[in-house]
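# need a structure here:
(2 chains)
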Amino acid sequence: DAGITQSPRHKVTETGTPVTLRCHQTENHRYMYWYRQDPGHGLRLIHYSYGVKDTDKGEVSDGYSVSRSKTEDFLLTLESATSSQTSVYFCAISELGGGRTNTGELFFGEGSRLTVL
Amino acid sequence: DQQVKQNSPSLSVQEGRISILNCDYTNSMFDYFLWYKKYPAEGPTFLISISSIKDKNEDGRFTVFLNKSAKHLSLHIVPSQPGDSAVYFCAASANTGNQFYFGTGTSLTVIP
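Numbering: from 1, shown residues only, chains lettered A, B, ... in the order given. From the prediction side, this is the model:
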């Protein structure tokens, strides 16, 4: 199994509070991703990183920010949580990134369930 | 707008029969496709992939077919087993970017 750890695994918070989710990898992979999973929407990309301090937006980036100060850590921050951000958040890593014709698959963490009341 | 679509939210199949899961995409730049399997309370796990230079890739009981002209791919599981019961996600990526786009998933139930 790929070495990916997400923390916290479960969190309940109130609207308007800041929340930070952490993803830690031990694989030294270049690419890291944050997805959210919601019923009827599947997995949607929030932000991703293609190197230390290099990040880009995904499909649903509004209300989220990310930081990557070390290869192994990718943080997802909700500056002011809203009920619409109640979701399961998955971190994923990839050695090669997307768009390659060889085996550049994603490896996922176990997920962080966030409830915003 | 969803670039990868899985139009069947659920599928039930008898044990031992074939399961066929379908996926359509709209972006003609996609050149690499993957299938993931997800059990409840776990992260998705990689199942099988195919690049656009092929039209078929097989791994044991799992075969993925790609029809580029129709922008369609399918995952065949033969024979289906109760342990295959899970949500299956189709994903795609393009050589012009680093993102992976996922479909909404199909929940497969294999009935013993």
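
# Mind listing the residues bridging to the closest residue to chain A within chain B?
Closest contact between chain B and chain A, by C-beta to the nearest C-beta, is at residue B:93 (3.0 Å). Bear in mind the C-beta positions are built from the backbone N, C-alpha and C, glycine included. Taking DSSP bridges, one finds residue B:32, residue B:100 as the beta-bridge partners of residue B:93.

# you'd agree it is up against residue B:102?
No: assessed by C-beta atoms under 8 Å, residue B:93 is found out of contact with residue B:102, at 10.3 Å.

# Grab the longest strand from chain A for me.
Of all segments of type strand in chain A, defined using DSSP state E, the longest is strand A:42-51.

# give me the number of residues near the closest residue to residue A:7 other than its chain neighbours?
Leaving out its chain neighbours, the residue that sits closest to residue A:7 by C-beta to C-beta, 6 or more residues apart in numbering or on different chains is residue A:22, at 4.9 Å. Each residue near residue A:22 was counted by other C-beta atoms under 10 Å in any protein chain shown, and the total is 15.

# which ones are touching residue A:22?
By C-beta atoms under 8 Å, 6 or more residues apart in numbering or on different chains, the residues touching residue A:22 are A:6-7, A:73-76.

# now with 7 Å?
A:6-7, A:73, A:75 (C-beta atoms under 7 Å, 6 or more residues apart in numbering or on different chains).

# Among the residues you listed, which one lies nearest to residue A:26?
Nearest to residue A:26 among those is residue A:73, at 10.9 Å by C-beta to C-beta.
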